[in-house]
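A.B. asks: my questions concern the predicted model and sequence given below.
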Amino acid sequence: MRLKIFTAPTMAQAMAQVRRELGEDAIIVSSQRVPKGRGFRITAALESEGEAGLAAPAGPGRGEAVDSIRQTLAYHGIAGDLAERLLKTVEALDLADPVMPLAGAIEASFSFAPLPERLGERPFAFIGTPGSGKTTMVAKLAARAVIAGRPVRVITTDTIRAGAVAQLGAIARVLKLELGEAKTPADLTREVKALAAGTLTFIDTQAANPYDPETTAPLRSFIEAAEAEAVLVHPAGTEVRESAEVAEIFARLGATRLVATRVDAARRLGGLLAGADAAGLMFSEVSASAKIAGGLKPLSPLLLARLLFTGDLPAPSAAAPDKPSRGRTSHSEAVT
């Protein structure tokens, strides 16, 4: 079965693309509004010549793959409409290996936008709850830019928390970077305006309690002062409903992307998918190590599917200590 994704400003235009490229026999697998007013996305499928259709009995390999994916989603706490959408797409793909159809289903349901390694139009402000890993994420991204030879500037607005400036300042010195400090939104505006052209800019913000306007209101002021694109730093292992609610609040503050942290310290990743789905956030990066120089990768549908099945980021480094598998056997045990 041939599967393709179509995006257009309106649903009618997206449907017209489907009919034009796949014909009147195309099957609509899923349709949804793209986050942040970017139009509509339709995932459509077309049966290859000789196929019996979706209602045909699945072969042993395909049936096992669908069952494995269903168990995997349940293990990670992914249920309701999101699980149904993913499984509907999975069932349209005639593949025996469960990782690839799950990756295809994830691609049909989510957007992916890794952080650029060159200067974009705006600085990036990293926001999140206390302990989410914002400072470490900023340090990792700065280190990646330095290694790649990109001009980079790190600015912190987290000037109240004890030791926050000293922590990031120590990392900046190792990277031979000067750390910018902004105690007020006006300070941040001046810091950003003083940047040399072509400088990739990462802003570490003070942690915010999403349920406390006294912490979210100042955060919004800093984001607006820098004219920054806000990136939600979200730790793995957070309860699914809580993740969805928190992500929606930070999206209202301006977050457009989600970077996942602490993947190495969590067994269930459903909160990451629930948060991105509820808030319409684009998946960006994933971190699976506290080490500044490692464990950071751009997220892709295939990488996220592999994480759901195995829990490990593929890397050329030494093997990590043994830990319980997130594969099909453990999923079966977890949901029985």
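C.D. replies: Nice, I can see it.

A.B. asks: low-scoring stretches of the stretch 201-336 of the chain, by residue?
C.D. replies: Across the stretch 201-336 of the chain, the ranges flagged by pLDDT under 70 are 312-336.

A.B. asks: all strands of it, in order?
C.D. replies: 229-235, 255-261, 282-287, 296-298 (DSSP state E, counting those that start in this stretch).

A.B. asks: can you lay out those strands as TSV showing distance to residue 109 and mean neighbour count?
C.D. replies: Every C-beta, even on glycine, is put in place using the N, C-alpha and C of the backbone. Formatted as TSV, the strands of the stretch 201-336 of the chain follow (distance: least, Cβ to Cβ, whole Å; neighbours: other Cβ atoms under 10 Å):
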stretch	distance to residue 109	mean neighbour count
strand 229-235	17	25
strand 255-261	14	26
strand 282-287	11	23
strand 296-298	18	18
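
A.B. asks: any chance of a markdown table for these, columns distance to residue 129?
C.D. replies: Output for these, formatted as a markdown table (distance: least, Cβ to Cβ, whole Å):
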| stretch | distance to residue 129 |
| --- | --- |
| strand 229-235 | 8 |
| strand 255-261 | 11 |
| strand 282-287 | 15 |
| strand 296-298 | 20 |
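
A.B. asks: of the ones you listed, which is nearest residue 172?
C.D. replies: Across those, residue 172 has its closest neighbour in strand 296-298 (17.1 Å, Cβ to Cβ).

A.B. asks: strands paired with the closest one, and their directions?
C.D. replies: Partners of strand 296-298 in the sheet, by DSSP bridges, are strand 282-287 (antiparallel).

A.B. asks: for the strand it pairs with, which outside residues touch it?
C.D. replies: When contacts are defined by Cβ atoms under 8 Å, 6 or more residues apart in numbering, strand 282-287 is touched by residues 35, 110-115, 133, 136-137, 140-141, 231, 256-263, 276, 295-299, 303-304, 307, 313.

A.B. asks: and what of stretch 4-12?
C.D. replies: Contacts for stretch 4-12 (Cβ under 8 Å, 6+ apart): 14, 16-18, 21-22, 31, 34, 38-46, 107-108.

A.B. asks: same thing but at 6 Å, please
C.D. replies: Applying Cβ atoms under 6 Å, 6 or more residues apart in numbering, the contact partners of stretch 4-12 are 14, 17, 18, 39, 40, 41, 42, 43, 108.

A.B. asks: give me the pLDDT value at the second one.
C.D. replies: I take that to be residue 17. pLDDT, residue 17: 85.

A.B. asks: what's it in contact with, if anything?
C.D. replies: Contacts of residue 17 by Cβ under 6 Å, 6+ apart are 6, 8.

A.B. asks: so which residue is dead centre in this protein?
C.D. replies: residue 283 (2.3 Å; Cα atoms, centre = their mean).
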